[in-house]
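A.B. asks: Sequence and predicted structure below; questions after.
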There are 4 protein chains.
Amino acid sequence: MKDLRIGIIGVGTMGADHAERVARKISGARLVAVSDPDTDRAAAVAAPLGDVRVIGDPLALIGAPDVDAVIIASPGFAHAEQLAACLEHGKPTLCEKPLTMDTESSLRVVEAEHKLGRPLIQVGFMRRFDPEYAALKRLLDSGELGRPLLLHNVHRNKTSAPHFRSEMIVRDSLVHEVDVTRWLFGEEITRVTVHAPKPTGLVADGVLDPQFAVFELANGALADVEVFVNFQVGYEVRCEAVGERGSATIGLGVDVLTRSAGHWGGAVPEDYRTRFATAYDVEVQRWADAAARGGIDGPTAWDGYAAAAVCTAGLESLAEGRPVAVELARRDEVLG
Amino acid sequence: MKDLRIGIIGVGTMGADHAERVARKISGARLVAVSDPDTDRAAAVAAPLGDVRVIGDPLALIGAPDVDAVIIASPGFAHAEQLAACLEHGKPTLCEKPLTMDTESSLRVVEAEHKLGRPLIQVGFMRRFDPEYAALKRLLDSGELGRPLLLHNVHRNKTSAPHFRSEMIVRDSLVHEVDVTRWLFGEEITRVTVHAPKPTGLVADGVLDPQFAVFELANGALADVEVFVNFQVGYEVRCEAVGERGSATIGLGVDVLTRSAGHWGGAVPEDYRTRFATAYDVEVQRWADAAARGGIDGPTAWDGYAAAAVCTAGLESLAEGRPVAVELARRDEVLG
Amino acid sequence: MKDLRIGIIGVGTMGADHAERVARKISGARLVAVSDPDTDRAAAVAAPLGDVRVIGDPLALIGAPDVDAVIIASPGFAHAEQLAACLEHGKPTLCEKPLTMDTESSLRVVEAEHKLGRPLIQVGFMRRFDPEYAALKRLLDSGELGRPLLLHNVHRNKTSAPHFRSEMIVRDSLVHEVDVTRWLFGEEITRVTVHAPKPTGLVADGVLDPQFAVFELANGALADVEVFVNFQVGYEVRCEAVGERGSATIGLGVDVLTRSAGHWGGAVPEDYRTRFATAYDVEVQRWADAAARGGIDGPTAWDGYAAAAVCTAGLESLAEGRPVAVELARRDEVLG
Amino acid sequence: MKDLRIGIIGVGTMGADHAERVARKISGARLVAVSDPDTDRAAAVAAPLGDVRVIGDPLALIGAPDVDAVIIASPGFAHAEQLAACLEHGKPTLCEKPLTMDTESSLRVVEAEHKLGRPLIQVGFMRRFDPEYAALKRLLDSGELGRPLLLHNVHRNKTSAPHFRSEMIVRDSLVHEVDVTRWLFGEEITRVTVHAPKPTGLVADGVLDPQFAVFELANGALADVEVFVNFQVGYEVRCEAVGERGSATIGLGVDVLTRSAGHWGGAVPEDYRTRFATAYDVEVQRWADAAARGGIDGPTAWDGYAAAAVCTAGLESLAEGRPVAVELARRDEVLG
């Protein structure tokens, strides 16, 4: 079997990370091209990775005959056009979240893909590939805890970038728990409330951090999420599912437990790359394996669309301080 | 120093437990009288505890010259009258929650006590005496975690009694987190939302269990509470405080950690008596010591009143499915 | 029932602690007299505790008609004579470890008590009253883990006193695990090896710290103990029992779990007073209750004797670097 | 860079696992040949893995010009001859433990490799590649805990195979802790005591399980190991290092923490494949990368020899019930 030839669009932190992953870590695939408006950076990323071309125009990369599949790691505003090109060329695509910048354009991606008759687009909700989340999903599906009733999520980063704005908590952070909630419970979110308590004093004026969201699901279950992107301590992602007969928690994290200087405990990881390193590797390996067969193996375009719809409602709730209903097209009407 | 002579009103589960505690466990105090409408039960409780009188009329017990201090463990509807009598006779009183059945009558107790010019009534919020909650309070007050921002609470019972109704979750269970939140953060609760997700299938039709409450505090901080009184697993009370520079959790509970039959872990306590045994002992010992000096050493009548006000708002939120503001008298107007 | 009138011999750290415990914490007993060569210190300890006499001569305290029961907290070399006096006067006695300074004199105490025909002497192995050790004992006795095979112990102190010598690790620290092992497994120790690895650099030259002991039991089970009295971190006591069908560990200790500054975890207690506060309270309460009925409720003189025999063998092993058999009289020959 | 072409000798459980790993999981390498006396099994293993030859004679596989590097997963008795052939052909080799069956033949391997002037043989002590062990090693090397003093190891399997004999505990299980101890502390083991307490009743008569070993190191540090291969519960590997200023533990393992049916806790893995899956992947990836450059990146032939010497002494201690000195050639005399 020939290696799958992959091109990557966007070589910022995430794209560069994927470039190294494809070139050095996963099997059955190799990196053949990268594209970025900053061609110097693209060349610098490509250089140590062997025989990798730099292509200025992302649409040219998508169309290149020696590119079998595409990873989109460009800024969100560029996704709609690039995804359309990928669909047009029939190239399997792993698209980092968000699918697109708003609910409507996301729905159009879903519809365009649906017309092709087979899934080509996988969205980069990589938590589904984290061993702990995957174990939690299996446990819930086993029925051992009874019917799922509640989901408590905690999502904390050490600090945010200087240009950070309140909306990004919803779009870039909360969006992970949107997908986790939909996936773990197998239900759409129908109503969202985002609370903005008095912010920590360690952010710029006007930034609402932490935030606390409550999701109501179609079947009546409830999920809540603390997002706190300036927690100072480190990166922490925790999730507790409560069912009729018990609960299960992941993200407690024991690695090395030390006792020193009057204290017992362990280290909190610096950021998501440490915590989710395996998840990214597994995600890309499984996607590459599926792409070589012409399909996907992970979150679909619909998942990306549904997440966009929930985040849009969340932004409205944050702005207006009240619960907001999620407006989602009927799945059977869109996908038949 | 002479022992404090204590009389107990009500010898149900809690009152009988206090009777044994006063008679056998705490120092500097002894039990001299009990009162209960069920005089046979009162006699049965008194018999093994030495020289303890049974007094039919609770008001007679309160007025008895050989009763220095009173523990009220009667049903909540009887509290208002009994508390008035305690105040009239100037007897230090430990009153199990609720202070009274509604916000207004609670406020009248606060006002009546205030006129006396010294605190006589302590409310039985015993979690303040639990070593773990006390350690969490010290940690928050130390400033080590920065300003408190969020409080996540979990309150689970194994099963509820057959006659259980949804309102009791707010009045009897959530009320503990009301006090814990006010006490830990040192702020009044100003707005309450109680969510009722689809109930567990393991309760009678019409019972809303679990419930999920969100408290907004006067200083903008936020607290949330899962109450689930038919959790099936056992009794679990957890609390995580999140500050600007870190978080702290109590209630994780390690006692004996076993490895057996493919599993590692420990036991979940059956009910509150196991989990909070020490808290009750410490509460009553400290109250008795304070009572011997004519004062209290714990939650005040105001704390009981404030809890009643929050629960009243919580019941309204539960019934109407929307956030409800808490109506609380101004403390300085009432207490000067 | 009249309060048990207790006299305490020796008011160093432990004796003064017991004085306050008897006077203020436990019920059914009161402190009437203290004795210490340092009469100024004895007077200072007695003063705030109410009506407590200072008696210069410990034997006079033991003989005093208003002293019903005695706590011996004097240095070990004084125990033999004081225990003989307690037996002579038929006074129930709680004797801090060691029972006496050597195996032979301990055996004479056992024999003298045996002649009286009823147990009067309880030895201060207070770990048997610690809730965690007690739970471990119940678990082992339940048979849930199958027959006990191995016991791993860890015993660490923050730092030792300046005058500390290697032998004290065996006599004062290891002796607790000697009793714990005998009690948990219900078997005598028959052979001891004490290893002295290269010492930590943080003690004076010539002090062998840490030490590592291996106990072989009469039924073939094995126990090991790390004792490290200059661990720098704090006080840590852990114990894992391994049976045919599983294991159980105590002493892991979760109280408040914090996340701060890149770290999760909790505090290690400073010393035994924090860790075992409850154990001491329970020990003295149960002993006082039993003493009021003329008996004991805890480790017997035989337990004190057996511990002395094991420590004597341990000291020989430490000095000679080889396993040493424990020489113990036959219980049935001594106690009939 | 061309892929490294790997041949595997022996396709039992471990060899078949490596075959799939090389063919499907690691990058920069591919599987070209397998050899096994059971050629049917070899063919069955090769079939789904693409273009993989079956070669009957292992020495022919080693000599094949299209085999760049060799993994030896044959029974231990075959290793000496196969390693000699690998050295003769200058093929980089990953050899599963044991290096050879006895100390002397292991030393001859070390000497033969040394004559070649470059390391070709890596021994399959894969724990060095486990993320937790690696983190513990980094922590010790950082000096944060001070000089290492003690190492406590626990090594438990659910059950052993029917044909299991006592000696295999030392050769196949304890050997891992031999390497872990030498590697973590960077010192040779000079004396070994293996204790055999009364065995669990759940093994055949005559099998000594559990065993408890004490290692004395050249620098005076001490290590102990519980090996219990019929623990019934599952697979558990734990390690606590104690230094002058603190301790660190790995293997506590939290993945999904559940609360159900009166119990909190998690699952104990069934066997080493679950616990050490990542370690094996990392080991083989790093070895293949190094082999492509003509070297190794892991435990050396000397490490395999030293482990054999310690195990030989351990077997003697087990048989004779006394401490046994480890006889090891001087490293500088052998390796110059």
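C.D. replies: On my side now, so go ahead.

A.B. asks: what number of residues lie near the closest residue to A:T278 other than its chain neighbours?
C.D. replies: Spatial nearest neighbour of A:T278, chain neighbours left out: A:P131 (6.3 Å); criterion: C-beta to C-beta, 6 or more residues apart in numbering or on different chains. Where you see a C-beta, it was placed from the backbone N, CA and C, and this is true even at glycine. Taking other C-beta atoms under 10 Å in any protein chain shown as the criterion, the count of residues near A:P131 is 15.

A.B. asks: can you pull the contacts of A:P131?
C.D. replies: Contacts of A:P131 were listed using C-beta atoms under 8 Å, 6 or more residues apart in numbering or on different chains, and they are A:278-279, D:255.

A.B. asks: Most neighbours of all these, which one?
C.D. replies: Using other C-beta under 10 Å as the neighbour definition, the contacts of A:P131 reach their maximum at A:A279, which records 20 neighbours.

A.B. asks: give me the element it is part of.
C.D. replies: Taking DSSP states H and E as the definition, one finds A:A279 inside helix A:277-292.

A.B. asks: who's in contact with that helix?
C.D. replies: The set of residues that contact helix A:277-292 without belonging to it, under C-beta under 8 Å, 6+ apart, is A:1, A:4, A:6, A:17-18, A:21-22, A:25-29, A:68-69, A:71, A:92, A:94, A:122, A:124, A:126-131, A:133, A:296-298, D:278.

A.B. asks: Count the residues that sit near A:D40.
C.D. replies: A count of nearby residues for A:D40, using other C-beta under 10 Å, gives 9.

A.B. asks: Do you know the pLDDT at it?
C.D. replies: For A:D40, the model assigns a pLDDT of 95.

A.B. asks: Rounded mean pLDDT for the helix holding A:A279, please.
C.D. replies: When pLDDT is averaged over helix A:277-292, the result is 85.

A.B. asks: buried ones in that helix?
C.D. replies: Neighbour-count burial for helix A:277-292, counted by 16 or more other C-beta atoms under 10 Å in any protein chain shown, picks out A:277, A:279-292.

A.B. asks: Tell me the one of those residues nearest chain C?
C.D. replies: Top of the list for closeness to chain C, among the buried residues of helix A:277-292 and by C-beta to the nearest C-beta, is A:A277 at 18.0 Å.

A.B. asks: Name the spans of chain A whose pLDDT lies under the cut-off.
C.D. replies: A:1, A:254 (pLDDT under 70).

A.B. asks: Near chain B, which residues of the stretch 201-336 of chain A? Just list them.
C.D. replies: Proximity of the stretch 201-336 of chain A to chain B (C-beta under 8 Å from any C-beta of the partner chain) is limited to residues A:201-202, A:210, A:212, A:214, A:216, A:219-222, A:224, A:226, A:228, A:231-233, A:242, A:244-247.

A.B. asks: Of these, which belong to helices?
C.D. replies: Cross-referencing those against helices under DSSP state H gives no overlap.

A.B. asks: Quick one: buried ones out of those?
C.D. replies: Neighbour counting over those (16+ other C-beta under 10 Å) leaves A:210, A:212, A:214, A:216, A:221-222, A:224, A:226, A:228, A:231-233, A:242, A:244-247 as the buried ones.

A.B. asks: For burial, what's the neighbour tally of the residue in chain A positioned nearest to chain C?
C.D. replies: Closest residue of chain A to chain C, C-beta to the nearest C-beta: A:G265 (1.4 Å). A:G265 is surrounded by 21 other residues when neighbours are defined as other C-beta under 10 Å.

A.B. asks: Kindly report the same for A:K137.
C.D. replies: Other residues within reach of A:K137 by the criterion other C-beta under 10 Å amount to 18.

A.B. asks: Please apply the same query to A:A78.
C.D. replies: Should you count by other C-beta under 10 Å, A:A78 turns out to have 16 residues around it.

A.B. asks: Return the residues in contact with it.
C.D. replies: By C-beta under 8 Å, 6+ apart, the residues touching A:A78 are A:9-10, A:58.

A.B. asks: nearest to D:T312, of those residues?
C.D. replies: Distances from D:T312 to these, taken as C-beta to C-beta, are shortest for A:G10 (58.3 Å).

A.B. asks: surely A:E20 meets A:L49?
C.D. replies: Yes: with the criterion set as C-beta atoms under 8 Å, A:E20 and A:L49 qualify as a contacting pair; they are 6.9 Å apart.

A.B. asks: Could you check which of the two is surrounded by more residues?
C.D. replies: The neighbour count for A:E20 versus A:L49, taken as other C-beta under 10 Å, is higher for A:L49 (16 against 13).

A.B. asks: That one touches A:H18, doesn't it?
C.D. replies: No: checked against C-beta under 8 Å, the pair A:L49 and A:H18 is beyond contact range at 11.2 Å.

A.B. asks: could I get the host helix or strand of A:L83 in PDB with only the CA atoms?
C.D. replies: According to DSSP H and E, A:L83 maps onto helix A:79-89. Below are the C-alpha coordinates for helix A:79-89, written out as PDB (Å, rounded to 0.1, in the frame of the first residue of the first chain):
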ATOM      1  CA  HIS A  79     -11.900  27.600   6.200                       C
ATOM      2  CA  ALA A  80     -15.100  28.100   4.100                       C
ATOM      3  CA  GLU A  81     -13.300  28.700   0.800                       C
ATOM      4  CA  GLN A  82     -10.700  26.000   1.500                       C
ATOM      5  CA  LEU A  83     -13.200  23.400   2.500                       C
ATOM      6  CA  ALA A  84     -15.200  24.200  -0.700                       C
ATOM      7  CA  ALA A  85     -12.100  23.500  -2.800                       C
ATOM      8  CA  CYS A  86     -11.400  20.300  -0.900                       C
ATOM      9  CA  LEU A  87     -14.900  19.100  -1.600                       C
ATOM     10  CA  GLU A  88     -14.600  20.100  -5.200                       C
ATOM     11  CA  HIS A  89     -11.400  18.100  -5.700                       C
END
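
A.B. asks: Pull out the buried residues from that helix.
C.D. replies: Applying 16+ other C-beta under 10 Å to helix A:79-89 flags A:79-80, A:82-87, A:89 as buried.

A.B. asks: ok so, going back, in a helix, the residue of chain A closest to chain C, correct?
C.D. replies: No: secondary structure assignment places A:G265 outside any helix; it is strand (DSSP: H, G, I helix; E, B strand; the rest coil).

A.B. asks: which ones are touching it?
C.D. replies: With contacts taken as C-beta under 8 Å, 6+ apart, A:G265 has the following neighbours: A:257-258, C:257-258, C:263-266.

A.B. asks: re earlier: look up how far D:G253 lies from the residue nearest to A:T278.
C.D. replies: Taken as C-beta to C-beta, to the nearest Å, the spacing of A:P131 relative to D:G253 amounts to 12 Å.

A.B. asks: likewise A:K137?
C.D. replies: Between A:K137 and D:G253 the computed distance is 20 Å (C-beta to C-beta).

A.B. asks: now the helices: where do they sit in the stretch 1-150 of chain A?
C.D. replies: Chain-ordered helices for the stretch 1-150 of chain A, with DSSP state H, counting those that start in this stretch as the definition, fall at A:13-20, A:39-46, A:58-63, A:79-89, A:103-116, A:131-142.

A.B. asks: B:V45: which of those helices is closest?
C.D. replies: Proximity of the helices of the stretch 1-150 of chain A to B:V45 was assessed by C-beta to C-beta; the nearest stretch is helix A:131-142, lying at 45.9 Å.

A.B. asks: and the angle for that closest one with strand D:263-267?
C.D. replies: Comparing the axes of helix A:131-142 and strand D:263-267 via axes from the mean of the first three to the mean of the last three C-alpha atoms, to 10 degrees yields an angle of 120 degrees.

A.B. asks: what pairs with the closest residue to A:L139 other than its chain neighbours across the strands?
C.D. replies: Sequence neighbours aside, A:A248 is the residue nearest to A:L139 in space, at 5.4 Å (criterion: C-beta to C-beta, 6+ apart). When bridges are assigned using DSSP bridges, the partners listed for A:A248 are A:A241, D:T258.

A.B. asks: Sounds good, over and out.
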